[in-house]
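[1] predicted model follows, preceded by the sequence.
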Amino acid sequence: MTLLSRTSTYDTLLMTMRNGALYTVHIPLTTPMRPVLKVVRSSTWQGFETLMASRCGQYGTLLLGIDKDTGSGYLYAVGHANGTATVIQSIGKVPGTLADAVAFRWAQQTEQPLFSE
């Protein structure tokens, strides 16, 4: 799971499920805080135990999916989150091995928040 978008009214997470589905979870910051789940892809994402997102352009996201079993990482360019119509373009496999037990994203305080939904 990774933070995909943050605004003054909601947060949106991107998450994988055990069955391989990729979902967005839209969480309003006001009462009632009922999350809204949307399918982005229905299969093939089960290999990624870790997702990391970074802003790319005005509405896009650079997404790194990490398969901890193989130590492999794959980069994707993700467009504006719009359910199954979300554009996800594979950039390819990241060279090297990502075998660390903990992955994190370093961000500067002045960096603009993610806004992909």
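    Sure thing, it's come through. Numbering: from 1, shown residues only.
[2] relative to residue 31, how far out is residue 46?
    The gap separating residue 46 from residue 31 is 35 Å, by CB to CB, to the nearest Å. (Each C-beta comes from the backbone N, C-alpha and C, glycine too.)
[3] who has more neighbours out of those two?
    Counted by other CB atoms under 10 Å, residue 46 and residue 31 do not tie: residue 46 has more neighbours, with 14 against 6.
[4] as a quick check, tell me the outermost residue of this structure.
    Ranking residues of the chain by C-alpha distance from their mean position (CA atoms, centre = their mean) puts residue 31 at the top, at 24.9 Å.
[5] tell me which element that one is part of?
    Per DSSP states H and E: residue 31 is located in neither a helix nor a strand.
[6] element containing the most centrally placed residue in the chain?
    Centrality entry for the chain: nearest residue to the mean C-alpha point is residue 14, 4.2 Å, by CA atoms, centre = their mean. Residue 14 is part of strand 10-16 when elements are defined by DSSP H and E.
[7] and for residue 65?
    strand 60-67.
[8] ok, that strand: who's next to it in the sheet?
    strand 50-56 (antiparallel), strand 72-78 (antiparallel) (DSSP bridges).
[9] buried stuff in that strand?
    The neighbour-count check on strand 60-67 (16 or more other CB atoms under 10 Å) flags 60, 61, 63, 64, 65, 66 as buried.
[10] relative to strand 10-16, how tilted is it?
    40 degrees (axes from the mean of the first three to the mean of the last three CA atoms, to 10 degrees).
[11] separation between the closest residue to residue 52 other than its chain neighbours and residue 75?
    Excluding its sequence neighbours, the residue lying closest to residue 52 (CB to CB, 6 or more residues apart in numbering) is residue 64, at 4.5 Å. Applying CB to CB, one obtains 6 Å for the distance of residue 64 from residue 75.
[12] mind listing the shared neighbours of these two?
    The contact sets of residue 64 and residue 75 overlap at residue 94 (CB atoms under 8 Å, 6 or more residues apart in numbering).
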